[in-house]
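In: with the input below, show me the fold.
(2 chains)
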Number of protein chains: 2
Amino acid sequence: MRATLLYAAGDIRVETVPDPKIIDPTDALVRVTHSCICGSDLWPYKSAAATESGNRIGHEFIGVIEEVGSEVTGLKPGQRAIAPFVYSDGTCANCAHGINTSCTNGGFWGATQPNGHLVDGGQGQYVRVPLATGTLVPIPDGTAESLAPALLTLSDVMGTGHHAALGARVTPGCTTAVVGDGAVGLCGVLAAKRLGAERVILLGSNPARWAVAQRFGATDQVTTRGAQAAGEAVRELTNGLGADAVLECVGTREAFDTAVAVARPGGAVGYVGVPQQLDNGYAPLPIRQLFSRNVAIGGGVAPVRAYLPVLLADVLSGKLDPSPVFDLELPLEQAADGYRAMNDRTAIKVLLRS
Amino acid sequence: MRATLLYAAGDIRVETVPDPKIIDPTDALVRVTHSCICGSDLWPYKSAAATESGNRIGHEFIGVIEEVGSEVTGLKPGQRAIAPFVYSDGTCANCAHGINTSCTNGGFWGATQPNGHLVDGGQGQYVRVPLATGTLVPIPDGTAESLAPALLTLSDVMGTGHHAALGARVTPGCTTAVVGDGAVGLCGVLAAKRLGAERVILLGSNPARWAVAQRFGATDQVTTRGAQAAGEAVRELTNGLGADAVLECVGTREAFDTAVAVARPGGAVGYVGVPQQLDNGYAPLPIRQLFSRNVAIGGGVAPVRAYLPVLLADVLSGKLDPSPVFDLELPLEQAADGYRAMNDRTAIKVLLRS
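Out: So this is what the prediction gives:
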């Protein structure tokens, strides 16, 4: 089959790799119909060291179940399904708490399982899905093909925006600020509105992204850069108070500082951008501000599997449509062009068709 | 009147200072009957630079209202009252959100008001209380004098333990860990039990403090030091998972790292110890762990004024008795001995009688 590999920073290739097969009785084999490129794929794309054989990449996909192992339940060949960006058994104590990303038996696409077998990356023609019963969420038969892009967002970006909104404790009627106008930030706007936020202030300056944010319900835009100036701008919009709930959707120190600066006393920051600029796992946080103003921090790597049933229901009923985050669609063979477009910020998010 | 002053690290004196008088019509004058020494008083006690004239200190007191300004409502001379450790108007937007510590007109005991007038410290014979209507909580007439120590804890330490428990999202039936066996940590144990925690694991090794913790409902003790070892010890007690809710009641980086290490994926840390070892307001936090395990952070400087009504009701009804945190009672004149005892950890918390 054909699959996307990252060979070095800026070096994405689509190549022929071995066809995956069922290995464990809990596996399923999925033929990928739609995958996409994530903001978090850009971090290795920008910085990966050169490798001889390349590494599989991609963790967002939907497709058709081709085959299931003998212990798989609730799924059958021919069904379409959504794969969250982490596979998980759905039964361990962490999954029971809704933190499927900490599943004691789970793992990431494109990485090697404890049994030594590679799990395919999501940007390819086929994926062997471990722990399929816990991982895959079937799409009801008869669902319109036109919903595919919206359904694909539930594999990561929309669930991640939702996680940011929950971490930021968005409540009906509240004022929300969203730091970052990437696809996650835009889905954060949508998630905040879905949870009842009255005002949603987007911190970002790109006109195309602001247009999508407005479709998603953003009410105000702050284009100022820098934590202090952003804090002043948001306070000016909020009677001097700051935002009740702040979604940090970038992952840099600057973005985190900005998120803290725009939160009101007693507010909360939900962060979902993969933290960058770490020093042995640590980063300096503005603790004096957090402490003195009682700003809480929530979020982390989004357990989107836990959110899939409720968000899927909203997509199917037409209440939720995150698909406008995709502004470029390419065949899988042109994945490298997709990475380039996202890295150059000429595309918000790229959908790949297998 | 007599009042406590800090002249330099380790140099506490009780001296005669000017008698306070009503200045603003919103002031009240309180004759302090009971005050106490806080763990947070020990930070300046350990490190303050020498001053010529000393600085007032102390922020926890109860007493008798002697006089009220013309605009004070709901309070009258002769009433006993509890003062939270920050004064606040009770009416601004931050107070309305329950974050009285961020009151736009409030401030700290022992500091200078924007109008240029000193606000007395809490460790003295009298205190001029600004914004008395919003600040003071009257103790019902007829309340037994023997409840004074328990009522005094509501000015800070018990409310702060409660804030840690809320920040850590303690829920009925959950497993809580408390980092630190100082008076705040012990009140954190009590607060967690009050909110329904089933197991409360105290991280601390002092036998006298462990005895109080057990009275307060602690079920397990971990004496191991260091974040990694503590994490292993708590996971061993919790089927490999970690604690649902963790109260960080110290304020050092080591304590914070320990709190994060003992939390389960999806758990929360409530921190209330005044953060030490800051670099321009920043401290390194273990973001990789927080992110990858979805551990939330809540807490900060405790808005105890907001908690006073509910905690006071529980003290008055006999449901809540934090008074065992006081294990040494001294006359105000011996405040220096009290500081020494707390700094040497021969006393948990010192009550001063004026």
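
In: pLDDT wise, what is A:Gln276 at?
Out: Looking at A:Gln276, its pLDDT reads 88.

In: what of A:Asn115?
Out: Confidence at A:Asn115, expressed as pLDDT, is 88.

In: check the one 5 residues further on too.
Out: What the model reports as pLDDT for A:Asp120 is 98.

In: for A:Val246, same thing?
Out: Confidence score, pLDDT, at A:Val246: 98.

In: quick one: it from B:Ile99, how far?
Out: Distance, A:Val246 to B:Ile99, by C-beta to C-beta, to the nearest Å: 15 Å. No exception for glycine: its C-beta is placed from N, CA and C like everyone else's.

In: the two: which has the busier surroundings?
Out: A:Val246 (35 against 24; other C-beta atoms under 10 Å in any protein chain shown).

In: show me what the more buried one is bridged to.
Out: On the basis of DSSP bridges, A:Val246 is bridged to A:Ala177, A:Val269.

In: what residues are up against it?
Out: By C-beta atoms under 8 Å, 6 or more residues apart in numbering or on different chains, the residues touching A:Val246 are A:168, A:176-179, A:259-260, A:262-263, A:267-270.

In: tell me the spacing between it and chain B.
Out: 14 Å (C-beta to the nearest C-beta, to the nearest Å).

In: if we can go back for a sec, can you redo the contacts of A:Val246 as a markdown table with neighbour count and distance to B:Ala50?
Out: Shown next, in a markdown table, are the contacts of A:Val246 (neighbours: other C-beta atoms under 10 Å in any protein chain shown; distance: C-beta to C-beta, whole Å):
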| residue | neighbour count | distance to B:Ala50 |
| --- | --- | --- |
| A:Ala168 | 35 | 45 |
| A:Thr176 | 33 | 48 |
| A:Ala177 | 35 | 44 |
| A:Val178 | 37 | 49 |
| A:Val179 | 34 | 44 |
| A:Ala259 | 34 | 40 |
| A:Val260 | 25 | 35 |
| A:Val262 | 29 | 40 |
| A:Ala263 | 29 | 38 |
| A:Gly267 | 27 | 39 |
| A:Ala268 | 26 | 41 |
| A:Val269 | 29 | 40 |
| A:Gly270 | 32 | 45 |
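
In: A:Ala208 in helix, strand or coil?
Out: helix (DSSP: H, G, I helix; E, B strand; the rest coil).

In: so it makes contact with A:Leu328?
Out: No: between A:Ala208 and A:Leu328 there is no contact under C-beta atoms under 8 Å: 11.3 Å.

In: what is in contact with these two at once?
Out: A:Ile348.

In: those two: which is more packed in?
Out: Neighbour totals were compared for A:Ala208 and A:Leu328, and A:Leu328 leads with 18 against 13 (other C-beta under 10 Å).

In: tell me who's in contact with the more buried one.
Out: A:Gly338, A:Ala341, A:Ala347, A:Ile348, A:Lys349, A:Val350, A:Leu351.

In: neighbour-wise, which of these leads?
Out: Counting neighbours by other C-beta under 10 Å, A:Lys349 comes out on top of the contacts of A:Leu328 with 29 neighbours.

In: quick check: that one touching A:Ser323?
Out: No: using C-beta under 8 Å, A:Lys349 is not in contact with A:Ser323; the gap is 9.9 Å.

In: ok, A:Val212 - contacts?
Out: Contacts of A:Val212 by C-beta under 8 Å, 6+ apart are A:Leu186, A:Pro324, A:Val325, A:Asp327, A:Ile348.

In: give me the pLDDT for the fourth one.
Out: The predicted local distance difference test score for A:Asp327 is 97.

In: who's in contact with it?
Out: A:Asp327 touches A:Ala208, A:Val212, A:Ala347, A:Ile348, A:Lys349, counting by C-beta under 8 Å, 6+ apart.

In: narrow these to those in helices?
Out: A:Ala208, A:Val212 (DSSP state H).

In: which residues of the stretch 201-350 of chain A fall in helices?
Out: Under the criterion DSSP state H, counting those that start in this stretch, helices of the stretch 201-350 of chain A are mapped to A:207-215, A:227-237, A:253-262, A:287-293, A:304-316, A:335-343.

In: quick check: which of those is nearest to A:Ser47?
Out: Checking the helices of the stretch 201-350 of chain A against A:Ser47 by C-beta to C-beta gives helix A:335-343 as the closest, at 11.4 Å.

In: now the helix or strand following the closest one: how far from the chain's centre is it?
Out: Next in sequence after helix A:335-343, counting helices and strands by DSSP states H and E, comes strand A:350-353. Computed by C-alpha atoms, centre = their mean, to the nearest Å, the separation of strand A:350-353 from the middle of its chain amounts to 15 Å.

In: so what touches strand A:350-353?
Out: Outside of strand A:350-353, the residues within contact range by C-beta under 8 Å, 6+ apart are A:4, A:33-37, A:58, A:123, A:149, A:152, A:326, A:328-332, A:334-335, A:338-339, A:341-342.

In: and what of stretch A:275-282?
Out: Stretch A:275-282 is contacted from outside by A:43, A:251-253, A:256, A:283, B:284-289, B:291, using C-beta under 8 Å, 6+ apart.

In: could I get those residues as TSV with pLDDT?
Out: Output for these, formatted as TSV (pLDDT from 0 to 100):
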residue	pLDDT
A:Trp43	92
A:Gly251	93
A:Thr252	94
A:Arg253	94
A:Phe256	96
A:Ala283	95
B:Pro284	95
B:Leu285	95
B:Pro286	96
B:Ile287	96
B:Arg288	96
B:Gln289	97
B:Phe291	97
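
In: weed out the non-buried ones from these.
Out: A:Gly251, A:Thr252, A:Arg253, A:Phe256, A:Ala283, B:Pro284, B:Leu285, B:Pro286, B:Ile287, B:Gln289, B:Phe291 (16 or more other C-beta atoms under 10 Å in any protein chain shown).

In: so which of the residues you listed would you say is closest to B:Ser53?
Out: In terms of C-beta to C-beta, no member of these lies closer to B:Ser53 than B:Pro284, at 37.1 Å.

In: bridged to that closest one, which residues?
Out: Counting by DSSP bridges, the residues bridging with B:Pro284 are A:Pro284.

In: residues in contact with the closest residue to A:Gly231 other than its chain neighbours?
Out: Using C-beta to C-beta, 6 or more residues apart in numbering or on different chains and skipping the chain neighbours, the partner closest in space to A:Gly231 is A:Ala261 (3.5 Å). Neighbouring residues of A:Ala261 by C-beta under 8 Å, 6+ apart: A:Ala227, A:Gln228, A:Ala230, A:Gly231, A:Val234, A:Pro286, A:Gln289.

In: circling back: so which of the contacts of stretch A:275-282 comes closest to A:Ser88?
Out: When these are ranked by distance to A:Ser88 (C-beta to C-beta), B:Phe291 comes first, at 17.3 Å.

In: gap between that closest one and A:Tyr271?
Out: Relative to A:Tyr271, B:Phe291 is positioned 8 Å away (C-beta to C-beta).

In: of all of the stretch 101-250 of chain A, which residue lies closest to chain B?
Out: Closest contact between the stretch 101-250 of chain A and chain B, by C-beta to the nearest C-beta, is at A:Ser102 (3.5 Å).

In: now do the contacts for that residue.
Out: A:Asn94, A:Pro303, B:Pro265, B:Gly266, B:Ser292, B:Arg293, B:Asn294.

In: hmm, 7 Å instead?
Out: A:Asn94, B:Pro265, B:Arg293 (C-beta atoms under 7 Å, 6 or more residues apart in numbering or on different chains).
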